[in-house]
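Asker: Pasting the sequence and the predicted coordinates here, then a few questions.
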Amino acid sequence: MKDKPIIRVEHLTTGYGHTVIMEDISFDVYKGEIFGILGGSGCGKSTVLKNMIGLTKPFSGRIWIDEEDIVLAEGKQKVGIWNRIGVMYQQSALFGSMSLLENIRLPLEEFTNLPLPIMNEIVMTKLKMVGLFPFAHLAPSELSGGMKKRAAIARAMAMDPEIVFLDEPSAGLDPITSVELDHLIIRLSRTLGVTFVIVTHELPSVFTMADRVIVLDKSKKGIIAEGKPKDLKEKSKDPFVRQFFNRIPQEDVSL
Ligand SMILES: Nc1ncnc2c1ncn2[C@@H]1O[C@H](COP(=O)(O)OP(=O)(O)OP(=O)(O)O)[C@@H](O)[C@H]1O
């Protein structure tokens, strides 16, 4: 499955104003994998994600989506890359004044010239894919937290993206709903071959679904671990990495 990187992050240095958050980090994401970006609160996960989707620019470095560098891309080229990726932000951000169907139709309206009935058909396929087919005409306020997340994933996938970026997908969900969401993501990845890049601090989710992860560290401004979550938990020689995966309190680390 994983012989070809679909994303290559090369020597990325990023931050805000004069503050460097991550310095000279490099990593690859392979086609079809579920890739986790982990790390403690405020270490820079979302900052790196925003660079990867071309929402903000890093100080330096390249981010290749296949053969195109999203850091340098502007105008039509950037829109072309955006057509190939889907994004779900932390707050799901469904528009309250629109039905589920209208919310998920938005990217199709923005990026295609398809006739309305075709767009609606695509939306209904996506709703079926995430188990929300019967709820197309409900308003977001009528949905549970888990349903809103699934709807946001359906919207991120409206344009049949090759890569979907999810920022804290299980934030605010109870553990059972969170597990259901993990399994939905696994199913979408395995059945459609979509690559998922997921920012999260939910360790149970990481162990359930991530094929590979990187762990970012605030004080080192870099990647302190990369690999399969289980291997990192069991075999890492770095006490900070083991602490992270085993959630050992800080004072035990040096022992
Ligand atoms: N727009 C901004 N301007 C200035 N500083 C910012 C901005 N956004 C984030 N930061 C700072 O950058 C650092 C990294 O933030 P970021 O949101 O990327 O971390 P994170 O790992 O995603 O955090 P969390 O897990 O809490 O969501 C933090 O110190 C944050 O306060």
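Answerer: Received the coordinates, thanks. Numbering: from 1, shown residues only.
Asker: Going by C-alpha atoms from here, please, whenever you check contacts or count neighbours.
Answerer: Fine.
Asker: contacting residues for the residue of the stretch 151-255 of the chain found nearest the ligand?
Answerer: The nearest approach of the stretch 151-255 of the chain to the ligand comes at His201, 6.8 Å away (Cα to the nearest ligand atom). His201 makes contact with Leu38, Gly39, Gly40, Glu168, according to Cα atoms under 8 Å, 6 or more residues apart in numbering.
Asker: Quick check: phi and psi at Ile63.
Answerer: phi -130, psi 100 (degrees, to the nearest 10).
Asker: Then Thr112?
Answerer: phi -130, psi 170.
Asker: Count the neighbours of it for me.
Answerer: For Thr112, the count of nearby residues is 12 (other Cα atoms under 10 Å).
Asker: do Pro115 as well
Answerer: Residues near Pro115, counting by other Cα under 10 Å: 10.
Asker: Now it. Its backbone dihedrals?
Answerer: phi -70, psi 150.
Asker: what does the model give it for pLDDT?
Answerer: Looking at Pro115, its pLDDT is 96.
Asker: and if you look at Gln250?
Answerer: pLDDT at Gln250 comes out at 47.
Asker: Over to Leu203?
Answerer: For Leu203, pLDDT reads 88.
Asker: what's near enough to touch it?
Answerer: Here Leu203 is in contact with Phe245 (Cα under 8 Å, 6+ apart).
Asker: Kindly report the same for the one 5 residues further on.
Answerer: With contacts defined as Cα under 8 Å, 6+ apart, the neighbours of Thr208 are Asp182.
Asker: Confirm that it sits in a helix.
Answerer: Yes. Membership of Thr208 in a helix is supported by DSSP: H, G, I helix; E, B strand; the rest coil.
Asker: what about it, distance to Asn113?
Answerer: Thr208 sits 39 Å away from Asn113, taking Cα to Cα, to the nearest Å as the criterion.
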